[in-house]
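# the following comprises the amino acid sequence and a computationally predicted model.
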Amino acid sequence: MTRKKISIGKTFVAILALAWLVIAGAPFYFMVASAFKEQFEILTTGVFALPKGIYFDNFAGVIKSQFYKYLMNSTFVVAVSLVLILVTALCAAYPFSRFRFKFNKPLFGLVVAAMAVPIHVTLIPVFQLTQKIHLYDTIFALIGPYTAFNLPISVFILTSFMAEIPKELEESAEIDGCGKYRTFFHIIAPLSKPGLATLAIYNAVNMWNEFSFALVLTQSAKSRTLPLSIWEFQGQYNSNIPMIMAVLTLCALPMIVAFAIGQDKLIKGMMAGAVKG
């Protein structure tokens, strides 16, 4: 009887997983399939119909445009912001998780509270500040907001991750003559790699797809990132849906490759610390 219940439960879970796969995969399939269709083919065939042939002109048109410039801007902004986030979060999470000082909990409470601040509330102040420091309409204008708004959750996650690292490792290092700095760089930081990998993928996806700050803080094509390239192509080609789908496919491809490479570290980072003892 128990085995029968387990079998029914597994079947039910499998059905739900399959249904979720169809729901989540349908938009992706539509995007890729439409990208290989001609301009009016999508209007004369079914929405989810396979393309009649492999039509690469949509991708060629996107690549010949300023797409490469948008791609380089996004790559630079995400890379620099990601390094700043990970280094700062690593340095902040260490004292929060390992030291007990007077303002530990109040300061950590401020970090947690900062996670609740909506980014759209800060658009006008950040826009004014960017103009005053003469960074408006440059890719450097995006690095500050991207770092600031992704830092609180990064510190929170990394602090929880570091708190699960056994303190006996630090005690052994101290007996061997390691100071706090050597312990941090040679023990805590290497053991935090799964958590850092999780944060890297999570933050990279968020910043890669960010639209609001990119729209407000940049104006010319030389400073815009990939999300705005989609917006530009939509205005330029109007209802040329296959062209727009080609842009979306090329924009999503780097994050898909990054996730495929780092998915094992992402899962390890998410599961690390979930079981105590």
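Arrived safely.
# can you pull out the strands in this structure?
Assigned by DSSP state E, the chain shows no strands.
# helices of that one, residue ranges please.
2-35, 41-44, 57-64, 67-98, 104-114, 123-132, 140-163, 167-175, 180-183, 189-191, 193-208, 212-217, 226-237, 241-271 (DSSP state H).
# which residues touch the third one?
The reference is to helix 57-64. By Cβ atoms under 8 Å, 6 or more residues apart in numbering, the surrounding residues in contact with helix 57-64 are A35, F36, K37, E38, F233, P242, M243, M245, A246, V247, T249, L250. (Glycine included, C-beta is placed from N, CA and C.)
# so what's the residue count around the first one?
Burial measure for A35: 23 neighbouring residues, criterion other Cβ atoms under 10 Å.
# out of the helices of the chain, flag the one nearest P51.
Across the helices of the chain, P51 has its closest neighbour in helix 2-35 (6.0 Å, Cβ to Cβ).
# what packs against the closest one?
Applying 3 or more Cβ pairs under 8 Å, 6 or more residues apart in numbering; DSSP states H and E, one finds that helix 2-35 contacts helix 241-271.
# give the rounded mean pLDDT of the helix it packs on.
Average pLDDT, helix 241-271: 77.
# do stretch 110-130 as well
Stretch 110-130 comes out at a mean pLDDT of 89.
# okay, buried residues for it please.
V111, T122, L123, V126, F127, L129, T130 (16 or more other Cβ atoms under 10 Å).
# and for stretch 93-108?
Under the neighbour-count criterion of 16+ other Cβ under 10 Å, stretch 93-108 has A93, Y94, P95, F96, S97, R98, F108 buried.
# what is the nearest of these to L196?
Nearest to L196 among these, with distances taken as Cβ to Cβ, is A93, at 10.1 Å.
# related to what we said a few turns ago, L50 is nearest to which of the helices of the chain?
Nearest of those (Cβ to Cβ): helix 2-35, 6.3 Å.
# mind listing what's buried in the closest one?
Those buried within helix 2-35 under the rule 16+ other Cβ under 10 Å are M31, V32, A33, S34, A35.
# circling back to that earlier point, buried subset of the contacts of helix 57-64, written for PyMOL?
Selecting the buried subset of those in PyMOL, with 16+ other Cβ under 10 Å as the burial test, is done by:
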select buried, resi 35+36+37+233+242+243+245+246+247+249+250
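# from the contacts of helix 57-64, which is closest to G46?
Taking the contacts of helix 57-64 together and measuring to G46 by Cβ to Cβ, the closest member is K37, at 11.1 Å.
# show me the contacts for that closest one.
Residues near K37 by Cβ under 8 Å, 6+ apart: T45, P51, K52, Y55, N58, P242.
# the first one: neighbour count?
This means T45. 14.
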